[in-house]
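Undergrad: Show me the folded form of this:
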Amino acid sequence: MFSMMSRGRGTKKRVFTEMPDALESFDGVILEEVKQLFSKVRQYSAPPGTEWCLPDPSVVLCDRPWSHPPLQALKDSLNEVKNQLSDKDLPVWHQHTCSTNRAGIVTSHLRETANAELCTQAWAKFYEIQGTFKLLPDTALQNCELNSVHLCEAPGAFISALNHFLQTSRLHCDWTWAANTLNPYHEANARSCTIADDRLIAHTLPWWFFGSDNTGDIMLQKHMLELQIFVSNMRSVDLVTADGSFDCQGDPGEQENLVAPLQYCETVCALLLLAPGGSFVLKMFTLFEHSSICLLYLLVCCFRLVHVFKPATSKAGNSEVYIVCLSFKSKDIVRPLLSKLIRNYGPDMLSTAALFPKSCISNSFLKQHEEICTFFQGLQISTIQENLHLFTSMTAEQRRHLDQVRACAAQFYVQRFQVQPLSRRRWVCRGGSMAWGKPCQRKPMGSFNQRKEMQCKEWKQRLAHGPYQALIKEHFHAEEGYDFALTGPVPECDLNAWFGLVGATLQKVRSSAFCESEILDLLNEALEEFTLVMKEEPLATPACRSCFTRTSSPAFTLNKLCSYPLVSSCMVMVGNSSWQDINLPENKLQFCPGPSYPELCVSALHDGDPLHQRELLSSVFSALCRLAEGSSLVVPLSTALTRFTASLVLALHLCFQSITFHCLVGGPPVVLLCVGFTSVPQINTVLQEVLDQMRTLEPGRQILQFAPMAELTRGSLPQFLSSLNNTVLRQQLHLLLALQKKK
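TA: So this is what the prediction gives:
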């Protein structure tokens, strides 16, 4: 056991020793209700003398999708009750259900008493699963070696919960883990299906598998096969967890069908990875469709024990359940079938065929499955109906009862699962969370009906009713950007760790670690509408004349830069010949070739175009090689949304005393004003190596970044980039709005 546990934590230690007395102080009715809360589990079990067997591979994925009427009746009944929530304002309803959630204060209690890392609801759910079932195989415990793989794991709460369990137990296992998730830093990943929270990921990147295209999409066949290589250093894989889902708020009644392809891919990965005796934990939702029936039948044939478990810490009103599979039989049982599943692996796996014919599913299994679905459907309906009733009329006595149950559940959890405090020195991320966090995703507002109505509206209408309306309608201010500066000294940076990270060519910049995602979404949608118009009718004048002032012109910007006392000479990277005609003080300016930019963004690729990136990097490299010590540099940009451009800005940050940005109207969207050059030969070497690498890339491949993500997410750089990008995106949307009005 962790030797520091008894030192410096006297108060928390007393909390645990006093827990039995605290539980005994609760009324027997309260305690019984809490025990039932932690007992929502059902197990599949073949009748005595029979065995459930997998169908012959020849019939797999051959039949059309089918349904089972008793389960469809359960689905209709549940959706009828859920439809009563469609007019509820989401934040208000969420606040209400949080207050009625009987396990609602467990996580806050754990944060106070257990010093748990990344202590979220997911942490509490997995710790509860770990405490309820014997997940760790005997072979792993005997060998004192545990290997786990965590699929769709962002932000990493299952990993931190498992670490907490191992560190506070007497198991003394040598634990190795690997994880996969959609890469939160990959610009092609849509934010609707990507977890932005990178607190654990940023500290542990070498343990995360994102695949050869760097997206992290486990539904790609090549990634499933590459994952095997990624974990090949493990002697055996003893545990696989899969916590994946999609944002189904647009169609919550069909959540099961929408998530089914991901669940199949997670399961195939687990069967491919697991050693005999291993365990598998899979998140599912309702279990009414053929996809769920077949998947569960596959699992009961491959594992000796399969449970359906609803953790107490999973909100009782949702459909979420965890399939806990123990003691994997062996790959020999599933090998012929697995070969066929691998060949048909991918997001379209279930689009035209069911995994198994209905005739191949054992009747005894179907009967048990009906009973299990009825049990969990009944629990969910009961909770929703109770919440609806309490939403309009909750008495003081009902509130008092709920508060007692919630307090009892928090203490019951800690006592039942023997949760003990853990020193930060034994966290997965021993240094704690990083200072920088990506801009938070805004929670959806309004009721389900209102959100559905808003989804049908054009971007201009959604903008008019959204939180950014006033910001984007505001005209350009010339001083924007001057207040945000990157200044030295830069924290120590290991340039030997810089290398070109290669992935698939970006088709679109859908997300960024360095901007407000909703503004980027709006701009991308606006660009789709205006792309053809702008190509056919290029703009010769600004879309918004109110923004086009003397103080927003390139000439004003360069004049202002030349007036700085520290600027004795300045090199300007230009792609537009009109810049060279600007009348400025003699001997202060030099011009060198640079990328050209239209006044408006014309592509949702933004700064992600590999040809543009190569041109930009080549221009910057050439300029740095020519600059004299102490001189300045003006670098035009479209945006700095991508990790590639962020890497380049960091490289400039290492070479200049100060960098500010200024947005323009009538020139490139933004320029970096870099003052006080100091030659850093190793930077030139890095940039030359990246340029050489770009010239030799295969078609369809692109360098996504060349500075480590840990360097891009620390210090003042991410805030600077976020300010720059938000300003540019806002200005571009403003101009597009003005252009629309002109038409």
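Undergrad: from here on, contacts and neighbour counts on C-alpha atoms
TA: Fine.
Undergrad: Can you pull out the low-pLDDT segments for the stretch 301-450 of the chain?
TA: Scanning the stretch 301-450 of the chain for pLDDT under 70 picks out 431-450.
Undergrad: which stretches of it form helices?
TA: With DSSP state H, counting those that start in this stretch as the definition, the stretch 301-450 of the chain shows helices at residue ranges 331-343, 363-392, 396-416, 448-455.
Undergrad: Mind putting those helices into CSV with mean neighbour count?
TA: As requested, the helices of the stretch 301-450 of the chain are arranged in CSV below (neighbours: other C-alpha atoms under 10 Å):
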stretch, mean neighbour count
helix 331-343, 15
helix 363-392, 17
helix 396-416, 18
helix 448-455, 15
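Undergrad: out of those, which comes closest to residue 670?
TA: Nearest to residue 670, of all those, is helix 448-455, at 31.6 Å by C-alpha to C-alpha.
Undergrad: Can you spell out the domain ranges of this structure, please?
TA: The chain breaks down into these domains under automatic domain parsing: 3-44+55-425, 457-468+478-742.
Undergrad: which stretch in these has the least confidence?
TA: When the domains of the chain are compared on mean pLDDT, domain 457-468+478-742 scores lowest, with a mean of 84.
Undergrad: Find out how far that one is from the centre of the chain, if you would.
TA: Centroid displacement of domain 457-468+478-742 relative to its chain, using C-alpha atoms, centre = their mean, to the nearest Å, is 26 Å.
Undergrad: For the helices of the stretch 301-450 of the chain, please prepare a markdown table with the additional fields distance to residue 74.
TA: Supplementary listing: the helices of the stretch 301-450 of the chain in a markdown table, determined by distance: least, C-alpha to C-alpha, whole Å:
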| stretch | distance to residue 74 |
| --- | --- |
| helix 331-343 | 29 |
| helix 363-392 | 7 |
| helix 396-416 | 29 |
| helix 448-455 | 22 |
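Undergrad: Residue 609 is nearest to which of these?
TA: Between residue 609 and the helices of the stretch 301-450 of the chain, the shortest separation by C-alpha to C-alpha is 29.1 Å, and it involves helix 448-455.
Undergrad: which parts of stretch 420-433 are buried?
TA: 420-423, 427-429 (16 or more other C-alpha atoms under 10 Å).
Undergrad: Between the helices of the stretch 301-450 of the chain, which one is closest to residue 103.
TA: Proximity to residue 103, assessed across those by C-alpha to C-alpha, is greatest for helix 396-416 (5.6 Å).
Undergrad: isn't there a strand covering residue 661?
TA: Yes - inclusion of residue 661 in a strand is indicated when DSSP: H, G, I helix; E, B strand; the rest coil is applied.
Undergrad: Look up how far residue 565 lies from the residue nearest to it when sequence neighbours are not counted.
TA: Sequence neighbours aside, residue 672 is the residue nearest to residue 661 in space, at 4.5 Å (criterion: C-alpha to C-alpha, 6 or more residues apart in numbering). Counting by C-alpha to C-alpha, to the nearest Å, the gap from residue 672 to residue 565 is 18 Å.
Undergrad: phi, psi of the spatially most central residue of the chain?
TA: By C-alpha atoms, centre = their mean, the chain has its centre lying nearest to residue 195, at 1.7 Å. Dihedral angles phi and psi of residue 195 (degrees, to the nearest 10) take the values phi -80, psi 120.
Undergrad: I'd like to know how far it sits from residue 181.
TA: For residue 195, the distance to residue 181 equals 9 Å [C-alpha to C-alpha].
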